[in-house]
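A.B. asks: The following block contains a protein sequence and its predicted model.
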Amino acid sequence: MRKRRLLAYLVAAALAASAQQPASIPDPKSAAVALGEVGSLLPDFTLKDLRGHPISSNDLKGKVVIIDFWSTWCAPCKQEMPGYQELIDRYGPQGLAVVGLKSDAMADTEDPSKFAKRIGVRYPLAAVTDDLAQRFGGIAGLPTTLIYDRSGVLRKKIIGFEYTEAVEAELKALL
């Protein structure tokens, strides 16, 4: 069992490392920037969170934004999401926003609202539609974390687990 966990961790770490994007940011107005790639723009969206409250990309303008694609069955998501809550608690007053978009790639292992409460997550969570996932460039794996600057430009894309400290370092440069 220990070997399996170590192997799973190493695979997740390798995926996360390979998913890191280069530091140079292409011009988002350029047609050469594909959806969901570094340099692309935060797509327009409006949806309701798990509590029925509206979430809109318009509400995120002028903020540094983390968009986190997650699911209840995703063990790395369970590890990562409380760290994002810590970041919003710490940097929310400086203009950080976090939105969790729940994938339905597989059936939930528990009620998403109860899951969020159990792991201590209070930032907005919503179920993502296939259409919206495509506007973010599609989701290659979970978790997927997208970090946008105050202008709505994607600055970092992380596929797989990432330590809160590494994400925080990225955010500090944008805040």
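C.D. replies: Perfect, I can see it now. Residues are numbered from 1 along each chain as shown.

A.B. asks: what residue ranges in the chain score low on pLDDT?
C.D. replies: 1-31 (pLDDT under 70).

A.B. asks: Need the residue closest to the centroid of this protein.
C.D. replies: Against the mean C-alpha coordinate of the chain, by CA atoms, centre = their mean, the closest residue is residue 68 at 1.8 Å.

A.B. asks: what's near enough to touch it?
C.D. replies: 77, 80-81, 84, 98-101, 143-146 (CB atoms under 8 Å, 6 or more residues apart in numbering). C-betas here are computed from N, CA, C, even on glycine.

A.B. asks: Note down every partner strand of the helix or strand containing it and its orientation.
C.D. replies: Using DSSP states H and E, residue 68 sits in strand 64-70. Looking at strand 64-70 with DSSP bridges, its partner strands are strand 96-102 (parallel), strand 144-148 (antiparallel).

A.B. asks: The residue nearest to the centre of the chain bridge partners, please.
C.D. replies: With DSSP bridges as the rule, residue 68 is bridged to residue 100, residue 145.

A.B. asks: now it: how far from residue 76?
C.D. replies: Distance of residue 68 to residue 76, given as CB to CB, to the nearest Å: 11 Å.

A.B. asks: Find residues that contact each of the two.
C.D. replies: Counting by CB under 8 Å, 6+ apart, the contacts common to residue 68 and residue 76 are residue 143.

A.B. asks: What are the boundaries of the strands in the protein?
C.D. replies: Ranges of strands within the chain are 46-48, 54-56, 64-70, 96-102, 125-127, 144-148, 154-159, based on DSSP state E.

A.B. asks: Adding distance to residue 133 as columns, could you present those strands in a markdown table?
C.D. replies: What follows is the strands of the chain, written out as a markdown table (distance: least, CB to CB, whole Å):
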| stretch | distance to residue 133 |
| --- | --- |
| strand 46-48 | 12 |
| strand 54-56 | 15 |
| strand 64-70 | 7 |
| strand 96-102 | 8 |
| strand 125-127 | 11 |
| strand 144-148 | 9 |
| strand 154-159 | 13 |
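
A.B. asks: now the helices for the protein?
C.D. replies: 2-19, 75-91, 112-119, 130-135, 164-174 (DSSP state H).
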